[in-house]
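[1] Okay, structure incoming, though there's no sequence with it:
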């Protein structure tokens, strides 16, 4: 929130509008500060004023759900067929045949490199002792990814072809990504029955949006001249689309397929929570429940290995036109089959037991020993972060500054001094022509003094609406006010502010760290070689796995939750920043070099501006991921909307679950649109 | 088919014979496997008993909190270890809706309480007496709870029994909900490794009780008066100034079991397992690394007297 507040200071075409908005926010804030002692309803929205929204939503949904249940059950029945076929093939075939077949495919697509990667990857899976569980997982993914690619691709094309519904469609995509599956798990089970198909549907819902987004972006960026050429050659619309534009956008679309795959694999754990399917996610859940980090990590690594192998294979498939010697392919396949027959004859056709259990136990012991030796240091890190960062942000300096945190007690006089100094500096800034910076500073000081979770609701609503007005105009302003109003009267306001604070802090940290890492990866191939697999791992390994060490180091609490959110949400920022920076067209770079630009100038003046749209997409994904992670963070024990969703799950309260999920999506939606709006202004200001 | 079976069963019951028909013995009975080892053991023992009676059994993994829809749809047939202290409200809804029926107590004696790993006794002298906590709150304080002590409570969706005790007994502790069972265990582990203070809401039978040498705090006996009458107990102004309400562990199943597999219904309804039997099996799996199937098979072979009569009574 603070990040976007300071942005308008630099360059605003509509200065008067910005000033008006800032003034309005300031006045509201000051009024709230002055009045809060006389009218407590300003700080806490009275419960008597809230509507029983969750009950209403619950009742409404019940009616809808029972009406569409038969149709969905039929769908479920249909989907169970490809699912059971894939399962029969993958689980039924002996393991040497499967390894042989995948290695052969690796050779055919990418030669020795891909073949060895595939062989080693599947070899690891075999030796981990989770072969049959892994094959169950693979059969789930092999159905859910095509489903999500198809759904996401069609949504993307639809948005491209029918510009009128585009805004609504983009909002829907956001909702699909931010409303946590747990929020609608109860209705999903009701609609689709029990077992893997529910996991399939859930994972397709979550994995389709990145695909759709990348298709939209890719098609948008197809060179107008290419489009014109296809129109002139007399192709009708479908031919233009499928023969010219989609192939031209294939690189961006492949990023979408990759992200879709990663998202699908990361949902494996949700399929396990539903159950009905003895897959690798179930193993992760069991070991997580026992807080066995080594074992959970091993099971999680299997998912990562699949992600890396499938990702690199699909990448080569898209990029390399050259195909490799078929004789080797057949040879590999044949040797797999021979191996299977030999094993069957020897009577040892079941997959071997795991060989890594000792290593897993060692990792687990190592974690314990580390916690024991570095306990004091870890506590120090946590306490500093809490005392000087997170606590003031949440409850404000007036409550966070206490003798046993900062060494002294905060007094109302100090608040007055703080405001007085901020006002002076603000006036100074305003006098030198930077009115927006001055107002922004005052507002920021007010927020830190009060704390995000304690902000008076009129201030939040007025401030956000004003920001939205500056960022994108009246439509977004009205929409923001209406949506926030909904959250307010639904009685979820306090929890929403807690969630806002936690994910806001995480997004801010991710943008700074992720941007820097993305830049580093773009300029240094070695850095990317190291960072890339880490990104793959963070995105696909069920994050439940990392909850254990985080909890052991930093215990239950907000700092652990903050770290868990950052670990996941930083990845898109890194990926998209790098992707944007390295995909600058060579002719632009050549032009820059020939006109005498230094490498640094090329970076700041050519590559960064060109990368802006991709980086913005990264920001969008980071915001959405941060909100999506709230529900995982709730497993650590945060309060806020994430916790409400688990409460709803426990009480089978469909209304509460969906309302809390919707509130989460609303926050993410507004935060994202604000950031995008200001970034758009920047882009225009830069003349892009 | 089902109808005739019912009539036969009815005739048998009327003629005073306790045994029931097998029913559709060629159709597998699907038993729910939830997320914890104790439940796996209870379920496998039940499953082996059903097999001994001549049934086919399928073990199906199912989320503990969200399995009742499947049970009510008849896609899942029984779950044999449901804790009354932590049961989804969906269960009551599905029982009311007529899709799910209770199948009686499992007979496991559960205990919940405020607990601590053994090394904490040295950090807060006077434990296990609850009064000792009055003076040690500072020892248990952390960044989030200062100046109060920190009590790690159950995940919010299991209820807040720990917080209720702290309020009831007027102890200077702030309850922090854990979020998940894994988080509770991670706290126990970290505290044991670092020998740091920890007060936690916990229960038995649980493998971690022995693994981390967990002890319960002695609280005043929990009874009905304590939960309803503020005047009762050490704190004259509050209820809940005592131990936890005893929790019940029971079995439940799909409403159609009785018609489809009459003998299986009898077996599941009469099946019990005691803590003394379950706890060593849990240890054999979680601590010694045995597989649930083998451990249960060994127990079944060595303890026929404990389960055979139930099967015989239903099928003879």
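    It's in. Treat the numbers as computed from the prediction; the structure is a model and nothing was measured.
[2] How far off centre is the strand or helix carrying residue B:296?
    Applying DSSP states H and E as the criterion places residue B:296 in helix B:292-302. Relative to the centre of its chain, helix B:292-302 is centred 21 Å away, using C-alpha atoms, centre = their mean, to the nearest Å.
[3] And the contacts of it?
    Outside helix B:292-302, the residues that touch it by C-beta atoms under 8 Å, 6 or more residues apart in numbering or on different chains are B:37, B:40-41, B:44-45, B:48, B:277, B:281, B:284-285, B:307. The way it works is simple: take the backbone N, C-alpha and C, and place the C-beta from them, glycine included.
[4] From these, which land in helices?
    B:37, B:40-41, B:44-45, B:48, B:277, B:281, B:284-285, B:307 (DSSP state H).
[5] could you dump these to CSV with neighbour count?
    Formatted as CSV, the ones in helices among the contacts of helix B:292-302 follow (neighbours: other C-beta atoms under 10 Å in any protein chain shown):
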residue, neighbour count
B:37, 21
B:40, 24
B:41, 24
B:44, 23
B:45, 23
B:48, 18
B:277, 18
B:281, 23
B:284, 20
B:285, 21
B:307, 21
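[6] Please tabulate the residues you listed in JSON lines, including the columns distance to chain A and pLDDT.
    Output for the ones in helices among the contacts of helix B:292-302, formatted as JSON lines (distance: C-beta to the nearest C-beta, whole Å; pLDDT from 0 to 100):
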{"residue": "B:37", "distance to chain A": "8", "pLDDT": "85"}
{"residue": "B:40", "distance to chain A": "9", "pLDDT": "92"}
{"residue": "B:41", "distance to chain A": "14", "pLDDT": "94"}
{"residue": "B:44", "distance to chain A": "14", "pLDDT": "95"}
{"residue": "B:45", "distance to chain A": "19", "pLDDT": "95"}
{"residue": "B:48", "distance to chain A": "19", "pLDDT": "94"}
{"residue": "B:277", "distance to chain A": "21", "pLDDT": "89"}
{"residue": "B:281", "distance to chain A": "16", "pLDDT": "90"}
{"residue": "B:284", "distance to chain A": "15", "pLDDT": "87"}
{"residue": "B:285", "distance to chain A": "11", "pLDDT": "86"}
{"residue": "B:307", "distance to chain A": "26", "pLDDT": "91"}
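[7] And the pLDDT at the closest residue to residue B:133 other than its chain neighbours?
    Of all residues not flanking residue B:133 in the chain, residue B:171 sits nearest, at 5.3 Å (C-beta to C-beta, 6 or more residues apart in numbering or on different chains). We note a pLDDT of 90 for residue B:171 in this prediction.
[8] give me phi/psi at the residue lying closest to residue A:425 once chain neighbours are set aside?
    Counting by C-beta to C-beta, 6+ apart, the nearest residue to residue A:425 once its immediate chain neighbours are dropped is residue A:441, at 6.2 Å. Backbone torsions of residue A:441, given as degrees, to the nearest 10, read phi -60, psi -50.
[9] can you pull the contacts of residue A:441?
    Contacts for residue A:441 (C-beta under 8 Å, 6+ apart) come out as A:422, A:425-426, A:429.
[10] Need the buried ones from those selected in ChimeraX.
    Buried members of the contacts of residue A:441 can be picked out in ChimeraX with the line below, counting by 16 or more other C-beta atoms under 10 Å in any protein chain shown:
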select /A:422,426,429
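[11] Filter the contacts of residue A:441 down to just the ones in helices.
    A:422, A:425-426, A:429.
[12] Would you format those as CSV with pLDDT included?
    Formatted as CSV, the ones in helices among the contacts of residue A:441 follow (pLDDT from 0 to 100):
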residue, pLDDT
A:422, 88
A:425, 89
A:426, 86
A:429, 85
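[13] Would you tell me which one of those residues comes nearest to residue B:145?
    Residue B:145 lies nearest to residue A:422 out of the ones in helices among the contacts of residue A:441, by C-beta to C-beta, at 31.2 Å.
[14] Just to be sure, residue B:146 is in a helix?
    No: assigned with DSSP: H, G, I helix; E, B strand; the rest coil, residue B:146 falls outside any helix and is coil.
[15] Give the closest residue to it in space, chain neighbours not counted.
    residue A:404 (5.6 Å).
[16] Walk me through the domains of chain B.
    What automatic domain parsing lists as the domains of chain B is B:2-108+B:249-315, B:111-228.
[17] and among those, the most buried is which?
    With neighbours defined by mean count of other C-beta atoms under 10 Å in any protein chain shown, none of these is more surrounded on average than domain B:111-228, at a mean of 20.
[18] starting at the chain centroid, how far to that one?
    19 Å.
[19] now the strands for chain B?
    Per DSSP state E, chain B carries strands over the ranges B:29-33, B:57-61, B:78-83, B:100-105, B:111-117, B:149-153, B:173-177, B:199-204, B:214-216, B:249-254.
[20] Reformat those strands as CSV; add distance to residue A:627.
    Below are the strands of chain B laid out as CSV (distance: least, C-beta to C-beta, whole Å):
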stretch, distance to residue A:627
strand B:29-33, 32
strand B:57-61, 29
strand B:78-83, 32
strand B:100-105, 35
strand B:111-117, 34
strand B:149-153, 26
strand B:173-177, 21
strand B:199-204, 30
strand B:214-216, 36
strand B:249-254, 36
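[21] quick one, which of these is nearest to residue A:208?
    Closest to residue A:208 of the strands of chain B is strand B:57-61 (C-beta to C-beta; 26.1 Å).
[22] neighbouring strands for the closest one, and are they parallel or not?
    strand B:29-33 (parallel) (DSSP bridges).
[23] okay but residue A:132 is in contact with residue A:90, surely?
    No: Residue A:132 is not in contact with residue A:90 according to C-beta atoms under 8 Å; the separation is 9.4 Å.
[24] Roughly how far does the residue nearest to residue A:425 sit from chain B?
    29 Å (C-beta to the nearest C-beta, to the nearest Å).
[25] what separates that residue from residue A:501, distance-wise?
    20 Å (C-beta to C-beta, to the nearest Å).
[26] Likewise for residue A:471?
    Residue A:471 is 21 Å from residue A:501, by C-beta to C-beta.
[27] Quick check: closest non-adjacent residue to the residue nearest the centre of chain B.
    The centre of chain B sits closest to residue B:83, judged by C-alpha atoms, centre = their mean, with a distance of 3.9 Å. Ranked by C-beta to C-beta, 6+ apart and with sequence neighbours excluded, the top spatial neighbour of residue B:83 is residue B:249, at 5.6 Å.
[28] how about that neighbour, what does it touch?
    Residue B:249 is in contact with B:81-84, B:105-108, B:110, counting by C-beta under 8 Å, 6+ apart.
[29] redo that, cut-off 10 Å
    Contacts of residue B:249 were listed using C-beta atoms under 10 Å, 6 or more residues apart in numbering or on different chains, and they are B:38-39, B:42, B:80-85, B:105-110, B:205, B:273, B:275.
[30] picking up where we left off before, so what's the residue nearest to residue B:146 scoring on pLDDT?
    pLDDT, residue A:404: 74.
[31] Give me the mean pLDDT for the helix holding residue B:296.
    93.
[32] That helix to strand B:57-61, inter-axis angle?
    140 degrees (axes from the mean of the first three to the mean of the last three C-alpha atoms, to 10 degrees).
[33] With adjacent residues omitted, what lies nearest to residue A:253?
    Of all residues not flanking residue A:253 in the chain, residue A:218 sits nearest, at 5.0 Å (C-beta to C-beta, 6+ apart).
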